[in-house]
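Engineer: With the input below, show me the fold.
(2 chains)
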Amino acid sequence: DTEVTQTPKHLVMGMTNKKSLKCEQHMGHRAMYWYKQKAKKPPELMFVYSYEKLSINESVPSRFSPECPNSSLLNLHLHALQPEDSALYLCASSQPSRGNYEQYFGPGTRLTVT
Amino acid sequence: AQSVTQLDSHVSVSEGTPVLLRCNYSSSYSPSLFWYVQHPNKGLQLLLKYTSAATLVKGINGFEAEFKKSETSFHLTKPSAHMSDAAEYFCVVSGDYGGSQGNLIFGKGTKLSVKP
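Structural biologist: Model (predicted):
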């Protein structure tokens, strides 16, 4: 099973709302990632969790708050977002071992901030 | 530092003709290289990967890529395009934060169009 699942598929939220994106994998991977992808652009790395600990934060605004409750789950909590945060949010996972860098991506959550 | 350059932002081919998507990379060490495909409004799917084994790498859906160190290239090819191949393709090189997990460095993407 090489599947990463993400919910919801689509999300529309106002600038004062609080919402969460969810990601799940059952491949036994111990590294999980959040990416942001704007239209016609490659994905941009936001956060990396390795063994359930936040290891990389790419200077993401505090209105995005990641959480890794266990080795299979990754959440992204959203609060007070701006319209420019509208994008496709991708989750990915991988085995955190040297020489084994391929990441498996979920289908993404299409977020629209109004 | 690692970087990757996709030489064409858009490639258009006719169904049944060969596909060539070009990628050059820069890396200070022996890199891992990948091609990912993204269909409209979908996530990224791994097509193939090179990790210092065979230089000719075969992937899914009839795609293959050849690692050429002397040319720092990793071009993606397919002998015969199918309509379902129309998508965005990303060439990716592994970065290194010094830890055991690698970050990925993406090219800007090549949009492949397939004409009937």
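
Engineer: how would you label B:Glu88: helix, strand or coil?
Structural biologist: strand (DSSP: H, G, I helix; E, B strand; the rest coil).

Engineer: which ones are touching it?
Structural biologist: For B:Glu88, the contacting residues are B:Val37, B:Gln38, B:His39, B:Gly109, B:Thr110, B:Lys111, B:Leu112, by CB atoms under 8 Å, 6 or more residues apart in numbering or on different chains. Every residue, glycine included, has its C-beta placed from N, CA and C.

Engineer: next one: phi and psi at A:Phe64?
Structural biologist: With angles defined as degrees, to the nearest 10, A:Phe64 sits at phi -110, psi 120.

Engineer: typo on my end, B:Ile60
Structural biologist: phi -80, psi 160.

Engineer: Quickly find the element holding the nearest residue to it once chain neighbours are set aside.
Structural biologist: Excluding the flanking residues, the one nearest B:Ile60 by CB to CB, 6 or more residues apart in numbering or on different chains is B:Leu47, at 5.9 Å. In the assignment (DSSP states H and E), B:Leu47 maps to strand B:44-50.

Engineer: burial count for the residue lying closest to A:Pro8 once chain neighbours are set aside?
Structural biologist: Using CB to CB, 6+ apart and skipping the chain neighbours, the partner closest in space to A:Pro8 is A:Thr109 (6.0 Å). A:Thr109: 21 surrounding residues under other CB atoms under 10 Å in any protein chain shown.

Engineer: Would you confirm that A:Thr109 contacts A:Leu78?
Structural biologist: No: between A:Thr109 and A:Leu78 there is no contact under CB atoms under 8 Å: 10.0 Å.

Engineer: what residues are shared contacts of those two?
Structural biologist: A:Leu21.

Engineer: Any figure for the gap between A:Glu84 and A:Thr112?
Structural biologist: A:Glu84 is 12 Å from A:Thr112, where distance means CB to CB, to the nearest Å.

Engineer: Could you check which of those two is surrounded by more residues?
Structural biologist: Higher neighbour count among A:Glu84 and A:Thr112: A:Thr112, with 13 against 8, using other CB under 10 Å.
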